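Participant: Quick check, what structure comes out for this input:
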Amino acid sequence: MKNEQITIKDIAKALNISTSTVSRALRNHPDISDETKKAVAELAKQMQYHPNSIASSLRNKRTNTIGIIVPEIIHTFFASVIAGVEEVAYAEGYKVLICQSNETYEKEIINMQTLISSRVDGILVSISNQTQKYEHFEWALQRKIPLVFFDRVCEDLNTSKVIVDDYEGSFQATEHLILSGCRRIAHIAGPQNLEICKKRKEGYLDALKAHDMPINEELIVYSHLDQREGMLLAEKLLTLPQKPDAIFAVTDPVAIGAHIAIRKHGLKMPEQISLMGFTNDAVSDIIEPSISTMAQPSFEMGKVATRQLIYQIKNKTAKPERIVLKTELIERNSTKKIRLKALSHS
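Facilitator: Predicted coordinates for the structure are as follows:
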């Protein structure tokens with residue numbers, strides 16, 4: 001055959017039947033005989049026929065495609081989320097278009113324009129650390145395109161959200177450090193325009209208060225969630241006249257940066273200083289000493305968010321839901337063992 005797009009007209013001409021018969025045979029229509037269906041299917045395979053998805057989407061007003069916007073694919077957390085998204089999407093007959101904002105508001109706007117122009121049926125979003133305005137998300141809602149936020153969410157819009165209990169996870173992480181004997185616990189926080197960062201800081205502060213420990217503002221520094229800043233901010237903390245005896249980092253990439261700074265200063269973990277992260281990045285487990293962390297169910301988050309999005313695509317009147325997943329403390333070699341049984345809190 002010529003190097004051209006094969007159509008049902010080509011199949012119909014080769015079999016000397018009508019295009020409508022070919023079309024119905026390919027859709028397994030009951031009015032078409034098994035013999036004809038078999039002949040059409042075999043020739044379609046031989047001729048390498050592929051349905052025109054654009055034409056089909058115009059007829060059905062659906063593309064069977066969903067879009068996802070993540071800050072950075074390079075992070076294992078978001079790569080794992082995407083794997084969960086694809087598992088559910090493909091099982092339900094949807095293709096996935098993946099975009100990354102590279103942690104910039106401007107690129108996130110371009111991502112939304114691209115997905116809307118591609119006529120996706122729904123969009124999953126985890127916002128960038130720069131995002132403080134949300135008009136570009138409203139474009140999708142105005143066009144009746146379902147939106148589901150995950151991890152880093154937009155609280156100002158009435159949409160479904162899939163998150164972890166960032167406050168509880170942060171409280172538990174900080175309490176673990178307290179009960180292991182740490183008394184000057186620093187926190188490398190994240191941008192406070194992100195709800196996850198605010199909640200993790202709140203959990204840290206409330207754990208200190210619950211154990212009658214003072215809040216020292218010089219021990220709280222703010223990052224943009226990357227490894228390099230984690231290293232530089234840990235350097236700053238380690239040059240204080242009174243060094244911290246523990247660092248709780250807002251994410252594992254930030255904790256990995258802090259780990260580099262601690263090693264550079266010749267301090268032993270956990271004997272001289274403890275380190276706690278939040279995410280359960282794959283590197284945290286293989287670095288030496290391995291980093292204790294609060295694990296997020298990233299793969300499950302991707303699956304849950306996709307199920308929710310597909311439900312909303314199929315049920316246009318569905319009300320938004322807020323789904324909260326649990327974190328899990330992973331104790332590794334960067335923190336001391338707990339001396340006392342953790343106290344309950346309300």
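
Participant: Report the helix or strand with the lowest average pLDDT across this protein.
Facilitator: Lowest on mean pLDDT, DSSP states H and E among the helices and strands of the chain sits helix 53-60, with a mean of 55.

Participant: care to break the chain down by domain?
Facilitator: The chain resolves into domains spanning 8-51, 63-164+297-326, 166-295 when parsed by automatic domain parsing.

Participant: I'd like the distance from the last one to the chain centre, please.
Facilitator: The gap between where domain 166-295 is centred and where its chain is centred comes out at 21 Å by Cα atoms, centre = their mean, to the nearest Å.

Participant: repeat for the first one
Facilitator: In terms of Cα atoms, centre = their mean, the centre of domain 8-51 is set 42 Å apart from its chain centre.

Participant: Give me the distance between the two termini of that domain.
Facilitator: With Cα to Cα, to the nearest Å as the measure, domain 8-51 spans 9 Å from end to end.

Participant: Repeat that for the last one.
Facilitator: Its first and final residues considered, domain 166-295 spans 11 Å by Cα to Cα.

Participant: Show me what the mean pLDDT comes to for that domain.
Facilitator: Computed over domain 166-295, the mean pLDDT rounds to 97.

Participant: Of the domains of the chain, give the one that comes closest to Ser334.
Facilitator: Nearest to Ser334, of all those, is domain 166-295, at 4.2 Å by Cβ to Cβ. (C-beta placed from N, C-alpha, C; glycine too.)

Participant: just to revisit the earlier point, quick check: what element follows the least confident helix or strand of the chain along the chain?
Facilitator: strand 65-70 (DSSP states H and E).

Participant: from the middle of its chain, how far away would that following strand be?
Facilitator: 11 Å.

Participant: Contacts for it next, please.
Facilitator: Identification of contacts with strand 65-70 by Cβ atoms under 8 Å, 6 or more residues apart in numbering yields 78, 81-82, 85, 89, 94-101, 108, 111-112, 114-115, 118-126, 306, 309-310, 313.

Participant: Let's see that with 7 Å instead.
Facilitator: For strand 65-70, the surrounding residues in contact (Cβ atoms under 7 Å, 6 or more residues apart in numbering) are 78, 81-82, 85, 89, 94-101, 108, 111, 115, 118, 120-126, 309.

Participant: Of all the domains of the chain, which one comes closest to Asn333?
Facilitator: That would be domain 166-295 among the domains of the chain, by Cβ to Cβ, at 3.6 Å.

Participant: Show me where the stretch 101-250 of the chain has its helices.
Facilitator: With DSSP state H, counting those that start in this stretch, the ranges of helices along the stretch 101-250 of the chain come out as 105-117, 135-142, 166-179, 195-210, 227-238.

Participant: quick check: angle from the first one to strand 65-70?
Facilitator: Between helix 105-117 and strand 65-70, the angle formed by their directions is 170 degrees, by axes from the mean of the first three to the mean of the last three Cα atoms, to 10 degrees.

Participant: same question, the second one
Facilitator: For helix 135-142 against strand 65-70, the angle by the same axes, to 10 degrees is 160 degrees.

Participant: Looking at the domains of the chain, spot the one closest to Ile338.
Facilitator: domain 166-295 (4.6 Å).

Participant: mind showing which ranges of the stretch 1-150 of the chain have poor pLDDT?
Facilitator: Low-confidence segments of the stretch 1-150 of the chain (pLDDT under 70): 1-4, 52-61.

Participant: That one: strands as residue ranges?
Facilitator: Using DSSP state E, counting those that start in this stretch, the strands of the stretch 1-150 of the chain run over 65-70, 95-100, 122-125, 147-150.

Participant: Could I get the ones you listed in JSON lines, plus columns for distance to Leu237?
Facilitator: Shown next, in JSON lines, are the strands of the stretch 1-150 of the chain (distance: least, Cβ to Cβ, whole Å):
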{"stretch": "strand 65-70", "distance to Leu237": "29"}
{"stretch": "strand 95-100", "distance to Leu237": "30"}
{"stretch": "strand 122-125", "distance to Leu237": "33"}
{"stretch": "strand 147-150", "distance to Leu237": "31"}
